[in-house]
Every structure is written in structure tokens, then in C-alpha cells.
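Trainee: could you look at this predicted model? Sequence included:
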Amino acid sequence: MHRDAADSVRAHPDRAAPDTAVPDRARPDEVIRHGRSLLQHGPLNDRVYLMQLDESDLSGMACVIDRMEELAARHGYTRLFARVPEHAAHRFLERGFAVEAYVPGMCRGRTAGCFMGRHLWDARAVPRRPGLLCEVLALANAKRAGLEQGAACARHGGTPSDAASGTPGTQPDTWRVVELGPNHAPALARLYAGTFATYPFPVHDPAYLARSMAEGVLFHGIADDGALPGHDCGPTGGGDLLAAASAEVDMAWRCAEMTDFATRPETRGRGAALRLLRHMEERVRRMDILTAYTIARAESHAMNVVFARAGYTLAGTLHNNTNIGGGLESMNVWYRHLPE
């Protein structure tokens, strides 16, 4: 299918602005295979997302980019999005994509990874709160500068502060990080349902979470032994989690996405997300993962500061990319190369 067919969805005079909430979370986007590649598409995120590319699907009559355009034209989606190795990026650039985020060494520590996007409706390319995005990054960069200053201080015999060193703040002695299994899925789903009005994947569904665990997604949570019942089912088996996150491991690329962070309101500001992040980094490092990255809400001061404090580098911003928290939001890509 040629590009002009997909361009037919470019003009949407009756379409609402990008920050308007899109369909209910009960209708998650569909994940399908095209050849050996993996695509997600649907009205929730209003996009086609190439989640995993097999480069054999770039050749021949059944090109995966053609399939992305076909899906967008058929359903009226306004964005195409892909994560591809740098040496394949030219195929997407030729079809109107742009590199929105660039992660050196993301693929097996040797080849860069490119997050590439193409907006099929001009208004979707415009961030809804550009001033806020700049404010968030300014704060995150200030925290990262503090981290680097603290590291330099330590090299010269000084003692960096917790804020500069990335060390979590004071937390109760009863808190502990728990690697979650299927019996924890109901508690995990409750946490996500109480945190996100919408989410790009159906994390509010315990069955989906249990399937994800079975497929290798590593979920971790913070539990308080002194407050949670149900210890006969293991930690949090009959109670609630204080915070949780996951590491989605890509063994082919030897990278892992640090994602699905959620913290109960009364627990925020106490270092739970950073503690989970450090735990997951060590977990995937033992699996020979070389690069950790995240796709964080660009309007969230807290999450961007967490990754900046943890030594992550900004790779780029994906404008109006993801339905999360009730509407389409821009996302920042951060990465860190893990010590071997």
C-alpha cells in the first residue's frame, strides 16, 4: 500500500483535540502479528505501534510498514510509531517517519535503537502543554546535575547527599521489595486501577497481569509486612501493595523497559519508585541485560526526576503518543547502560 492511502487520514476537521480522553480502558488495543513482527493497534492510543520488528518483514510484498499504513487508513488512526534498530531506520525515514528518540547501544550494546513516529494528523504532533514539558525537563536536568556533582564530590573524598546520590529517602523498616507472581495479580490490578484512569495496556485486569508474568514480564512490588493481611498466600496475597513496577525484558536486544510504575497516594514522596527501579536494574543485570530504558509521562515531575536522579539520560520526547491517566500524553524516553 502506498503512502498516499495512509495520508488520507491526515485531515480530521471534526476530530477532538489530542488531549481529549479516548475510549474506555475496557477496550484495550489489540496486539497482532505481521509475519514475525509484533504490532499493537486500536482506538485507545489512536495509533499503530510496531512493538517488535523482524527485519525480514521489511522486504517483499508483505512489508510491515505497508501493514501499518493499511491499519491506520482502515481505522482512521492518527499516528504510526515504531522501535527499530538504527540500521533499519532509513526504511522508515523514506516513508515519512522521524526519529523521535535515539538510544545508543540499545541493541545488544552495539547498535542504537530508534523510536520513530509519523503523525497522520497535524494537530497530534503539537504537545498540549509545551511549557510544562520544558519545566519538567528543567527540574529533571537539575537533579541529574546534582547527581553528577555529588559523584564528583565523592571522588574527591566528600559525601554526596541522598538527593544527589540517587539513594531512596527514609522508608519504614517493614517495607520490602517483593517479586510478584500470579497470586499477587489481584492486588496489583487494584493498585493500577486506583492509579490510572486509562493505560495503554489492560493492567487493571488480573488475568492479563498473570499472563504477562507467565510470558516473562518481571513485576515487583513494595509490601509492608506490618499492614498487610493474607500472609498465608505470600506477601500481599490478601492485602494491597504500596507501589509496583515491572521490567519487560527483550533478550534479543539485551535491553529492558522499566515500566508500569504506580504508587499509592499516601506512599508517594518516600522513594518507593527509585527503590523499585534499583531492585529491577540489579535483577535484569543478572540476566545479562545491558541497557535499561523507560517511556515516562513527560508531564510527570516525579517520574522524570526519579530517572534523572538514577543516572538515566534523556533520549527524546514522543509527542501525544500514549493514552494514560485519561487522555493522550507526550512521553520522555530515558536510558541507562547497566554495569556488566
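Mentor: Cool, got the structure.

Trainee: partners of the nearest residue to Leu50 once chain neighbours are set aside in the sheet?
Mentor: Nearest residue to Leu50, sequence neighbours excluded (CB to CB, 6 or more residues apart in numbering): Ala82, at 3.7 Å. Quick note: C-beta positions are derived from backbone N, CA and C, even for glycine. In this entry, Ala82 is beta-bridged to Leu50, Met116, by DSSP bridges.

Trainee: measure Ala82 to Val64 for me?
Mentor: Distance of Ala82 to Val64, given as CB to CB, to the nearest Å: 9 Å.

Trainee: residues shared between the contacts of these two?
Mentor: Listed as contacting both Ala82 and Val64 by CB atoms under 8 Å, 6 or more residues apart in numbering are Leu50, Leu53.

Trainee: so what's the residue nearest to Leu50 up against?
Mentor: Each residue near Ala82 by CB under 8 Å, 6+ apart is listed here: Tyr49, Leu50, Leu53, Met68, Phe92, Phe97, Phe115, Met116, Gly117.

Trainee: surely the second one meets Val84?
Mentor: I take that to be Leu50. Yes: contact status for Leu50 versus Val84: in contact at 7.2 Å, counting by CB atoms under 8 Å.

Trainee: hang on, the earlier thing: any chance of the contacts of Ala82 in JSON lines, plus distance to Leu277 and pLDDT?
Mentor: Converted to JSON lines, the contacts of Ala82 look like this (distance: CB to CB, whole Å; pLDDT from 0 to 100):
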{"residue": "Tyr49", "distance to Leu277": "24", "pLDDT": "98"}
{"residue": "Leu50", "distance to Leu277": "26", "pLDDT": "98"}
{"residue": "Leu53", "distance to Leu277": "27", "pLDDT": "97"}
{"residue": "Met68", "distance to Leu277": "32", "pLDDT": "98"}
{"residue": "Phe92", "distance to Leu277": "30", "pLDDT": "98"}
{"residue": "Phe97", "distance to Leu277": "30", "pLDDT": "98"}
{"residue": "Phe115", "distance to Leu277": "20", "pLDDT": "98"}
{"residue": "Met116", "distance to Leu277": "26", "pLDDT": "98"}
{"residue": "Gly117", "distance to Leu277": "26", "pLDDT": "98"}
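
Trainee: can you list the residues you listed in JSON lines and add neighbour count?
Mentor: JSON lines is the format used below for the contacts of Ala82 (neighbours: other CB atoms under 10 Å):
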{"residue": "Tyr49", "neighbour count": "23"}
{"residue": "Leu50", "neighbour count": "23"}
{"residue": "Leu53", "neighbour count": "23"}
{"residue": "Met68", "neighbour count": "28"}
{"residue": "Phe92", "neighbour count": "23"}
{"residue": "Phe97", "neighbour count": "23"}
{"residue": "Phe115", "neighbour count": "25"}
{"residue": "Met116", "neighbour count": "25"}
{"residue": "Gly117", "neighbour count": "24"}
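
Trainee: the helices in this structure, which residues?
Mentor: With DSSP state H as the criterion, the chain has helices at 3-7, 64-75, 89-93, 130-155, 162-165, 185-195, 206-214, 272-285, 301-309.

Trainee: would you mind giving those as JSON lines with distance to Asp224 added?
Mentor: Shown next, in JSON lines, are the helices of the chain (distance: least, CB to CB, whole Å):
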{"stretch": "helix 3-7", "distance to Asp224": "50"}
{"stretch": "helix 64-75", "distance to Asp224": "44"}
{"stretch": "helix 89-93", "distance to Asp224": "46"}
{"stretch": "helix 130-155", "distance to Asp224": "27"}
{"stretch": "helix 162-165", "distance to Asp224": "21"}
{"stretch": "helix 185-195", "distance to Asp224": "12"}
{"stretch": "helix 206-214", "distance to Asp224": "21"}
{"stretch": "helix 272-285", "distance to Asp224": "11"}
{"stretch": "helix 301-309", "distance to Asp224": "20"}
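
Trainee: of those, flag the one that's most buried.
Mentor: Among the helices of the chain, ranked by average contacts under mean count of other CB atoms under 10 Å, first place goes to helix 301-309 (a mean of 23).

Trainee: quick one: contacts for Pro104?
Mentor: Pro104 touches Ala112, counting by CB under 8 Å, 6+ apart.

Trainee: can you check Met258 too?
Mentor: Ala245, Ser246, Ala247, Leu277, Met280, Glu281, Ala292, Tyr293, Thr294 are the contacts of Met258 under CB under 8 Å, 6+ apart.

Trainee: per-residue pLDDT, the nearest residue to it once chain neighbours are set aside?
Mentor: Nearest residue to Met258 in three dimensions, chain neighbours excluded: Thr294, at 4.6 Å (CB to CB, 6+ apart). pLDDT for Thr294: 98.

Trainee: on that earlier part again, and the pLDDT for the residue nearest to Leu50?
Mentor: On the pLDDT scale, Ala82 gets 98.

Trainee: could you give the bridge partners of the residue sitting nearest the centre point of the chain?
Mentor: Computing the C-alpha centroid of the chain and ranking residues by CA atoms, centre = their mean puts Ile295 first, at 3.4 Å. Beta-bridge partners for Ile295, by DSSP bridges, are Val333.
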